[in-house]
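would you be able to build a 3D model of this:
(4 chains)
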2 protein chains.
Amino acid sequence: MVKKTSDSGPTSDPESFARAKTLVHRIVAERHDRPSLVAEIACEVGAEIIEGIRPPGSDLNSVELSKRFSTSRTPIREALMLLEKEGLVDVPPRKRPRVAVPDLQDIREIYRARAALFELIAADVARSVTEEGLARLRAHFAEMQAAHRAGDVSAFVWSNVDFYDQNTLLANNRTVKRILDSLLLRTARLRRLSLSQPGRMARSCDDHARLLKAYEDRDATLAAALIRSNHINALAALEAFLAGEAEAARA
Amino acid sequence: MVKKTSDSGPTSDPESFARAKTLVHRIVAERHDRPSLVAEIACEVGAEIIEGIRPPGSDLNSVELSKRFSTSRTPIREALMLLEKEGLVDVPPRKRPRVAVPDLQDIREIYRARAALFELIAADVARSVTEEGLARLRAHFAEMQAAHRAGDVSAFVWSNVDFYDQNTLLANNRTVKRILDSLLLRTARLRRLSLSQPGRMARSCDDHARLLKAYEDRDATLAAALIRSNHINALAALEAFLAGEAEAARA
DNA sequence: ATGTGCTTAACTGTCGACAGATACAAACAC
DNA sequence: GTGTTTGTATCTGTCGACAGTTAAGCACAT
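Next up is the predicted model:
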């Protein structure tokens, strides 16, 4: 059963949902130039997963979805396969598809893989970045700061996504971009949790300021080290949050 | 049209084809515990692509494939989507599916991404490897040496795949393993070309001997640096080969 | 020979239906 | 109250068909 976005909890508002949908579209429907039925379904359902409207482990009934989108089950199956490819959905053979349930090991692995790949592209960016590229990075950083001052976690998360997107764009590396996009999707729901911890946004702003400085100095080694530690910090914060949540659940 | 393996050129023999099929199966049908129609089709077609029986850019007619496998087009479409997910096939919307054509930039990106991720896991392996793990790595290395002495490029390639597989296994990192497997698939056809260059197998043996030594010494930093340079070397050799081939094509 | 427009055959996306597998629920045993 | 079996409703995998789109072939002009 799908909850309407109108009664969404603190994890989803219409604006954030729209951003989530755009993100899924960019990643999942990358090459689908024309509006495609399958892509539309995948984006909608994917955004619902990212925004927490469909919690991990919940059923993705293809009959129900086909009614909702007024199609047959064939496009639904394809859309679910697209989302499975991005790690958002589990489609075990002959069993009911479900929203993927990432465990702690998955999360650690994803953050570490992201760290390693961002190291690679940060070094490339530091070497080749133009003044225009720097300006774009600064703009996204400014958005992050503004969201921080406003205490708007959701806006902060999306500005942060934009910032890293700009990095992958500047590195001009399609393969790594694809992989990072996919990994991003799988942690999109968790990022907000991590950043909602007190002091986390401030810390993240500091980290990104230092990274920006390294880019300005064209210091590839430092940029790589910084972007790596940014991710390790984010992972630590997320682990702390999840540990606290597990504690709370026990009480 | 599908060529039979019996009239295959130097890029495919039945044994190598079987290995290729097993590889595709492991990656593409990872969680399909039961023998599945879709997985079977994907493995067969994927192996044909890797082995060069279906050259890059050739058509993958779903009607023809459905006749060949005696199924309807639905499982064929799913199998092609699985292979697209691994980068072996291009399925543009409303157009004919084709075998993917990796360009030079793709190849560079894939090798560099592989280098970055193998760096990550090599460090982990060096820190945590047991004597049993080392024994397995040595066994695969011995196979590589044997293939080198026998001048059997195909056997060398597959032993090399086993060696790296053992690395990802020892690192116990499912996420990175998945990514590396996927990247491996896309370059599987090219590895043989690279390694068929004179002196390349000898060089690769030397590189792997050093890596093994670093593991024995539990030297994470050195292991990471070595596995990285192994990949950079392999890329350089491949680029040299492709440049030579382009030259030959022009003449 | 080369390029251009039309015709037509072939292919893809989507559909509704059916067979077989799965998971839920109720009845039953302990 | 708990665990096990059985029955049933629901879901998935696959199919053949149809409509709309693509591209290959052919005639014709340059």
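
touching chain B at all, the strand or helix carrying A:Ile179?
Here A:Ile179 sits within helix A:174-195, counting by DSSP states H and E. Yes. Part of helix A:174-195 sits near chain B under the criterion Cβ under 8 Å from any Cβ of the partner chain, namely A:Arg174, A:Thr175, A:Val176, A:Ile179, A:Leu183. Bear in mind the C-beta positions are built from the backbone N, C-alpha and C, glycine included.

which of these sits closest to DNA strand C?
Distance to DNA strand C across those (Cβ to the nearest atom of the strand) is lowest for A:Arg174, with 21.7 Å.

wait, that closest one touches B:Ile107, no?
No. A:Arg174 is beyond contact range of B:Ile107, at 11.8 Å (criterion: Cβ atoms under 8 Å).

out of the two, which sits in the busier spot?
Neighbour totals were compared for A:Arg174 and B:Ile107, and B:Ile107 leads with 19 against 13 (other Cβ atoms under 10 Å in any protein chain shown).

if I look at that one, how far off is B:Arg19?
22 Å (Cβ to Cβ, to the nearest Å).

likewise for A:Arg127?
39 Å.

for stretch A:80-95, buried residues please.
Neighbour-count burial for stretch A:80-95, with 16 or more other Cβ atoms under 10 Å in any protein chain shown as criterion, is recorded at A:Leu80, A:Met81, A:Leu82, A:Leu83, A:Glu84, A:Lys85, A:Glu86, A:Gly87, A:Leu88, A:Val89, A:Asp90, A:Val91.

what do you get for stretch A:67-80?
Quick answer for stretch A:67-80 (16+ other Cβ under 10 Å): A:Phe69, A:Thr71, A:Pro75, A:Ile76, A:Arg77, A:Glu78, A:Ala79, A:Leu80.

would a markdown table of these with distance to A:Tyr164 and pLDDT be doable?
Listed next are the buried residues of stretch A:67-80 as a markdown table, based on distance: Cβ to Cβ, whole Å; pLDDT from 0 to 100:
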| residue | distance to A:Tyr164 | pLDDT |
| --- | --- | --- |
| A:Phe69 | 31 | 96 |
| A:Thr71 | 34 | 96 |
| A:Pro75 | 31 | 96 |
| A:Ile76 | 31 | 96 |
| A:Arg77 | 32 | 95 |
| A:Glu78 | 29 | 94 |
| A:Ala79 | 26 | 95 |
| A:Leu80 | 27 | 95 |
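
and those near chain B, which?
Residues of those in contact with chain B (Cβ under 8 Å from any Cβ): A:Arg77, A:Glu78.

now, which of the buried residues of stretch A:67-80 lie within strands?
Counting by DSSP state E, the buried residues of stretch A:67-80 place none of their members in strands.

ok, and which of the buried residues of stretch A:67-80 reach DNA strand C?
A:Thr71, A:Pro75, A:Glu78 (Cβ under 7 Å from any atom of the strand).

closest to DNA strand D among the residues you listed?
A:Glu78 (10.2 Å).

what sits closest to that closest one if chain neighbours are left out?
A:Val38 (4.7 Å; Cβ to Cβ, 6 or more residues apart in numbering or on different chains).

number of residues surrounding A:Glu44?
The number of residues near A:Glu44, taken as other Cβ under 10 Å, comes to 18.

could you say what helices and strands the strand or helix carrying it packs with?
Per DSSP H and E, A:Glu44 falls inside helix A:37-50. Using 3 or more Cβ pairs under 8 Å, 6 or more residues apart in numbering or on different chains; DSSP states H and E, the elements in contact with helix A:37-50 are helix A:14-28, helix A:73-85, helix A:174-195.

related to what we said a few turns ago, could I have the buried ones of the residues of helix A:174-195 next to chain B as PyMOL selection syntax?
To isolate the buried members of the residues of helix A:174-195 next to chain B in PyMOL, using 16+ other Cβ under 10 Å:
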select buried, chain A and resi 175+176+179+183
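
adding pLDDT, write the residues of helix A:174-195 next to chain B out as TSV.
Below are these laid out as TSV (pLDDT from 0 to 100):
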residue	pLDDT
A:Arg174	93
A:Thr175	95
A:Val176	97
A:Ile179	96
A:Leu183	96
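
what two of the residues of helix A:174-195 next to chain B have the greatest distance between them?
A:Arg174 and A:Leu183 (15.1 Å; Cβ to Cβ).

can I see the domain layout of chain A?
By the assignment in automatic domain parsing, chain A contains the domains A:5-99, A:104-250.

what about the first one and DNA strand D, touching?
Meaning domain A:5-99. Yes. Interface with DNA strand D: domain A:5-99 contributes A:60-64, A:73-74, A:77, A:91, A:93-97 (Cβ under 7 Å from any atom of the strand).

dump these to JSON lines, plus secondary structure.
What follows is the residues of domain A:5-99 next to DNA strand D, written out as JSON lines (DSSP: H, G, I helix; E, B strand; the rest coil):
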{"residue": "A:Leu60", "secondary structure": "coil"}
{"residue": "A:Asn61", "secondary structure": "coil"}
{"residue": "A:Ser62", "secondary structure": "helix"}
{"residue": "A:Val63", "secondary structure": "helix"}
{"residue": "A:Glu64", "secondary structure": "helix"}
{"residue": "A:Arg73", "secondary structure": "helix"}
{"residue": "A:Thr74", "secondary structure": "helix"}
{"residue": "A:Arg77", "secondary structure": "helix"}
{"residue": "A:Val91", "secondary structure": "coil"}
{"residue": "A:Pro93", "secondary structure": "coil"}
{"residue": "A:Arg94", "secondary structure": "coil"}
{"residue": "A:Lys95", "secondary structure": "coil"}
{"residue": "A:Arg96", "secondary structure": "coil"}
{"residue": "A:Pro97", "secondary structure": "coil"}
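
and of those residues, the nearest to B:Leu137?
A:Pro93 (33.4 Å).

would you mind listing what in chain A touches DNA strand C?
So chain A meets DNA strand C at A:36-38, A:70-75, A:78, A:94-96 (Cβ under 7 Å from any atom of the strand).

please repeat the previous calculation with a cut-off of 6 Å.
Proximity of chain A to DNA strand C, by Cβ under 6 Å from any atom of the strand, involves residues A:Ser36, A:Leu37, A:Val38, A:Thr71, A:Ser72, A:Arg73, A:Thr74, A:Pro75, A:Arg94, A:Lys95, A:Arg96.

now do the SS call for A:Ala54.
Wrong residue type there; residue A:54 is Arg, not Ala. Going by three-state DSSP: A:Arg54 is coil.

ok, it to B:Ile49 distance?
35 Å.

output the below-cut-off pLDDT ranges for the stretch 101-250 of chain A.
Within the stretch 101-250 of chain A, no range satisfies pLDDT under 70.

the helices in it, which residues?
Per DSSP state H, counting those that start in this stretch, the stretch 101-250 of chain A has helices spanning A:104-128, A:131-150, A:153-171, A:174-195, A:200-216, A:220-250. These are given in chain order.

let's have those helices in a markdown table, adding distance to DNA strand D.
Shown next, in a markdown table, are the helices of the stretch 101-250 of chain A (distance: least, Cβ to the nearest atom of the strand, whole Å):
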| stretch | distance to DNA strand D |
| --- | --- |
| helix A:104-128 | 23 |
| helix A:131-150 | 34 |
| helix A:153-171 | 29 |
| helix A:174-195 | 21 |
| helix A:200-216 | 38 |
| helix A:220-250 | 21 |
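
got the contact list for the residue nearest to A:Ala155 when sequence neighbours are not counted?
The shortest distance from A:Ala155 to any non-neighbouring residue, by Cβ to Cβ, 6+ apart, is to A:Ala147 (3.8 Å). With contacts defined as Cβ atoms under 8 Å, 6 or more residues apart in numbering or on different chains, the neighbours of A:Ala147 are A:Val153, A:Ala155, A:Phe156, A:Ser159, A:Met201.
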